[in-house]
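Visitor: what follows is a predicted structure for the sequence shown.
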Amino acid sequence: MPLRAPPELGDSSHDLTRLSSMLQIPRAATTRDVAAIQELIRHSVRGLSGAHYSPAQIDAALDAVFGVDTQLIADRTYYVIDGPTGPVAAGGWSARRTLFGGDQMKQAQDPLLDPAVDAARIRAFFVHPDWARRGLARRLYDTCQRAAASAGFRELELMATLPGEPLYAALGFTPVERVVLTLPTAIDVPFVRMTRRIEPPV
């Protein structure tokens, strides 16, 4: 089922109430959400990456990199925000070694990290283009940061796409390495590894 775009919303209290009722708080994704999340990922990458990646890079990355990591769902550390007809945003965190990529990238076990010395991962944030710039990614991030802090982590690490880099910079992440990933189709796709400290609870 295709995702429906949000209605035009004004500044009236009635409109704000409608928006609040449509955008629920993040919930833990389940295996029943996998197909809808895959569709969301395709819409997000194709709709929001065109200014940074070529069509060939987008196609190659959707095939080899971007996808659901079902371990996150099993760990209950991946979240979705529901719109009128399905998830309109998704993102999560991980206490495991994998830094980025869906199931198609995994070739080995994914061991747990040590919160005393390792950084928790921020993983796989995707927003439907029709719902971009509405604060959904920040809402997901706040949920992830609180959960990672509760698990004992004091630092976060992620691999950002080029269109995602400004969002993560606004969330306080600092670039530490620019990476070019050569995909199986011999297409190079640039990413940015970023980190930040977790703010202590107030």
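Guide: Arrived safely. For clarity, every value in this text was computed on a predicted model and none was experimentally measured.

Visitor: where's the closest residue to Glu177 other than its chain neighbours relative to Gly101, distance?
Guide: Nearest non-adjacent residue to Glu177, counting by Cβ to Cβ, 6 or more residues apart in numbering: Arg193, 4.2 Å away. Every C-beta, even on glycine, is put in place using the N, C-alpha and C of the backbone. Counting by Cβ to Cβ, to the nearest Å, the separation of Arg193 from Gly101 is 13 Å.

Visitor: what's the answer for Ala124, then?
Guide: Distance of Ala124 to Gly101, given as Cβ to Cβ: 8 Å.

Visitor: please identify every residue contacting each of those two.
Guide: Phe66, Asp69 (Cβ atoms under 8 Å, 6 or more residues apart in numbering).

Visitor: helix, strand or coil for the most centrally placed residue in the chain?
Guide: Taking Cα atoms, centre = their mean, the centroid of the chain lies closest to Phe125, which sits 0.9 Å from it. With DSSP: H, G, I helix; E, B strand; the rest coil as the basis, the three-state label of Phe125 is strand.

Visitor: contacts only, for it.
Guide: Contacts of Phe125 by Cβ under 8 Å, 6+ apart are Ala89, Ala90, Gly91, Ala137, Leu140, Tyr141, Gly164, Leu167.

Visitor: that older thread, between Ala124 and Gly101, point out the one with more neighbours.
Guide: Ala124 (23 against 18; other Cβ atoms under 10 Å).

Visitor: what's the more buried one in contact with, if anything?
Guide: Ile41, Phe66, Val68, Asp69, Leu72, Tyr78, Ala90, Gly91, Gly92, Phe100, Gly102.

Visitor: which residues touch the fourth one?
Guide: Neighbour list for Asp69: Tyr78, Ser94, Thr98, Gly101, Gly102, Asp103, Lys106, Arg123, Ala124 [criterion: Cβ under 8 Å, 6+ apart].

Visitor: let's see 6 Å
Guide: Gly102, Asp103 (Cβ atoms under 6 Å, 6 or more residues apart in numbering).

Visitor: pLDDT wise, what is it at?
Guide: Looking at Asp69, its pLDDT is 98.

Visitor: ok, it to Arg139 distance?
Guide: 20 Å.

Visitor: quick one: buried residues of stretch 133-145?
Guide: Neighbour-count burial for stretch 133-145 flags Arg134, Leu136, Ala137, Arg139, Leu140, Tyr141, Thr143, Cys144, Gln145 (criterion: 16 or more other Cβ atoms under 10 Å).

Visitor: sorry, back to before: let's have the contacts of Ala124 in CSV, adding distance to Gly172 and secondary structure.
Guide: Converted to CSV, these look like this (distance: Cβ to Cβ, whole Å; DSSP: H, G, I helix; E, B strand; the rest coil):
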residue, distance to Gly172, secondary structure
Ile41, 25, helix
Phe66, 24, coil
Val68, 27, coil
Asp69, 24, coil
Leu72, 22, helix
Tyr78, 22, strand
Ala90, 21, strand
Gly91, 16, strand
Gly92, 18, strand
Phe100, 19, coil
Gly102, 26, coil
